[in-house]
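Trainee: Here is a sequence with its predicted model. Questions after.
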Amino acid sequence: IACYAFATGYYSTSASKAIKIIDPSLGVTLSQTGISQDDNHITVDGTDYFYTEAGGLEWFRNNLAVSTSGIPYLNAEITSAVLGRYYTWEEASTACPDGWRLPSTDEWDALPFSAGDLMVNAYFLEDRMWEYWPQVPITNATGLAVIPAGYAMTGFATPVFKGFEDYALFWTSTEAGDEQAVYCYLFEEDNDIHTAKGDKASLALSVRCVR
């Protein structure tokens, strides 16, 4: 939807505002994920979480969206079902449904795959999420359907969202001291799966649960 306003007697005073319409139904706003409604899944508070086996564990194929904690993209609740939510480490540690948990750094490292094997060529509305890079063959061979949802920084009056369509970042259960924990991340230009340390209280990331 585009709206234009004009003021009589002024030159070049038009303004526009774009609005994106979000449909949380599977395969609508977020499409070409490789996930079908018939695939293995559990339902928690009305949200379907699809899962598959990889590296000897069962992994969520979509980002956690439990609304009792975490924040949605751009603070718009409707995006949770599409992109998942962003959790601080403390929130992520208790957010997975019963019987599921955060994976450790070792369990991420045990996945015998490259980043492109985790990524999926999904589209958000009409835009391809992972930009094409020749050195990153996106195959989604694992079926984990990772999308670049970016991350949030909560240490401000209003959360700041960054890295959308560039990065996918996930908390692990591995701590790195009292104030930091380890997270895994994928970057659109790199076929490796990386780890780094982040502040437990102010960094909010996506979550994939395992069992």
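Mentor: Cool, the structure landed. None of these values were measured; they are calculated from a predicted model.
Trainee: Where does the nearest residue to residue 54 once chain neighbours are set aside fall, secondary structure wise?
Mentor: Take residue 54 and drop its neighbours on the chain: the residue closest to it by Cβ to Cβ, 6 or more residues apart in numbering is residue 142, 4.7 Å away. Any C-beta I mention is one placed from the backbone N, CA and C, and that applies to glycine too. Secondary structure assigned from DSSP states H and E places residue 142 in neither a helix nor a strand.
Trainee: what do you get for the one 10 residues further on?
Mentor: For residue 152, the host element (DSSP H and E) is strand 151-153.
Trainee: what sits up against that strand?
Mentor: Under the contact criterion Cβ atoms under 8 Å, 6 or more residues apart in numbering, strand 151-153 has outside partners 71, 73, 86, 159-163, 167, 169, 202-206.
Trainee: Go through this protein and flag its longest helix.
Mentor: Ranked by number of residues, the top helix in the chain under DSSP state H is helix 89-95.
Trainee: show me where this structure has helices.
Mentor: Taking DSSP H to define them, one finds helices in the chain at 80-83, 89-95, 105-109, 115-118.
Trainee: closest to residue 182 out of those?
Mentor: helix 105-109 (4.9 Å; Cβ to Cβ).
Trainee: The closest one: which residues count as buried?
Mentor: Buried residues in helix 105-109, counted by 16 or more other Cβ atoms under 10 Å: 105, 107-108.
Trainee: Tell me the one of these nearest residue 43?
Mentor: Minimum distance to residue 43 across those is 24.5 Å, recorded for residue 107 (Cβ to Cβ).
Trainee: just for the protein, where's the confidence low?
Mentor: Flagging of the chain using pLDDT under 70 yields the residue ranges 1-6, 10-15.
Trainee: Where do the strands of it begin and end?
Mentor: If DSSP state E is used as the criterion, the strands of the chain fall at 30-31, 41-44, 47-54, 57-60, 123-124, 127-128, 151-153, 160-162, 167-175, 180-187, 194-199, 203-204.
Trainee: Of all those strands, which one is nearest residue 80?
Mentor: Ranking the strands of the chain by proximity to residue 80 (Cβ to Cβ) places strand 47-54 first, at 8.1 Å.
Trainee: Can you give the contact residues for the closest one?
Mentor: So strand 47-54 is in contact with 26, 35, 37, 39-43, 58-62, 64-66, 81, 97, 111, 113, 142-145, 209, going by Cβ under 8 Å, 6+ apart.
Trainee: How about the contacts made by the closest residue to residue 140 other than its chain neighbours?
Mentor: Distance criterion Cβ to Cβ, 6+ apart; nearest residue to residue 140, sequence neighbours excluded, is residue 120 at 4.1 Å. By Cβ under 8 Å, 6+ apart, the residues touching residue 120 are 32-34, 130, 138, 140, 144-147.
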